[in-house]
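Enquirer: Dropping the sequence and predicted coords here.
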Amino acid sequence: MGRRKDDPAVQKAKGFPGRREKQTEAALKAQAASPTAEEQLLASMDIAGLRPPDRFARKEFKEERDVWMAIAPRLKQTLRASAEFQAPLVAYCDAVARYNRSVLALRREGYVVKVKTVSGDEMPRTNPNEKIRAQALNEILALSGRFGFTPSDNFALLIDQRRVLERGAGGGQGDLGLYDPPAPGETPAGATDPVGGMDRFDSPPPGSLPN
């Protein structure tokens, strides 16, 4: 079995052994031009211009990344995926991941922990992770309402979407240019019927309690 060739950067650092300077420089240029693994991962998570932050490509953000990939495609299906939604969606992913981590910590450590007092004694106290869990849950519920992840909020958003689409199609209050007017009883080509798409949201939102 032959010896494994050094990485081009290592070859350059060694002074181009074997007189392969041109080949090594060409390989370095090719490496610089090709996307990194993190860049490829982020590109695969780009949903209709809705792109996660760079940190989501790191291994310690796998939970946040999983929530993103469960949510973003569903937002695209109901015409809610666009770049301006990045910040609240990132906050939702962070909150779900934080919630799950705090629940796991509570199961591992218990809801009540003993802490030392000034006198050196121990007193029972509520685990700090309970406060983190409660705060994360409040954030999840608030953002769920914004995105329509609860049944009632989802229905209200879909109704509002239909009204906007109908105004755009009919031009009654200014042509929004969302799509061309459909024939009677016909769904516009390339458009998603938001109310008819409610069955895509019949499952609970991601970020369920860990087992």
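Expert: Nice, I can see it.

Enquirer: biggest helix in the protein by residues?
Expert: Longest helix in the chain, counting residues (DSSP state H): helix 86-109.

Enquirer: The next helix or strand after that one pairs with which strands, parallel or anti?
Expert: Downstream of helix 86-109, the first helix or strand assigned by DSSP states H and E is strand 112-116. Sheet pairing for strand 112-116, assigned by DSSP bridges, gives strand 122-126 (antiparallel).

Enquirer: what angle separates the strand it pairs with from helix 86-109?
Expert: Calculated by axes from the mean of the first three to the mean of the last three Cα atoms, to 10 degrees, strand 122-126 forms an angle of 140 degrees with helix 86-109.

Enquirer: Average pLDDT for stretch 114-127, rounded please.
Expert: For stretch 114-127, the mean per-residue pLDDT is 88.

Enquirer: ok, residues contacting that stretch?
Expert: Here stretch 114-127 makes contact (Cβ atoms under 8 Å, 6 or more residues apart in numbering) with 105-106, 109-113. All C-beta atoms are positioned from the backbone trio N, CA, C, and that covers glycine.

Enquirer: picking up where we left off before, in the longest helix of the chain, what counts as buried?
Expert: Using 16 or more other Cβ atoms under 10 Å as the test for burial, helix 86-109 gives 86, 89-90, 92-103, 105-106.

Enquirer: Over to stretch 51-60?
Expert: For stretch 51-60, burial by neighbour count (16+ other Cβ under 10 Å) applies to 51-52, 56-57.

Enquirer: Quick check: end-to-end length of it?
Expert: The first residue of stretch 51-60 is 18 Å away from its last residue (Cα to Cα, to the nearest Å).

Enquirer: The chain should start at 54 in everything you say after this.
Expert: Sure, I'll start numbering at 54, so the last one becomes stretch 104-113.

Enquirer: Mean confidence (pLDDT) on it, please.
Expert: For stretch 104-113, the mean per-residue pLDDT is 92.
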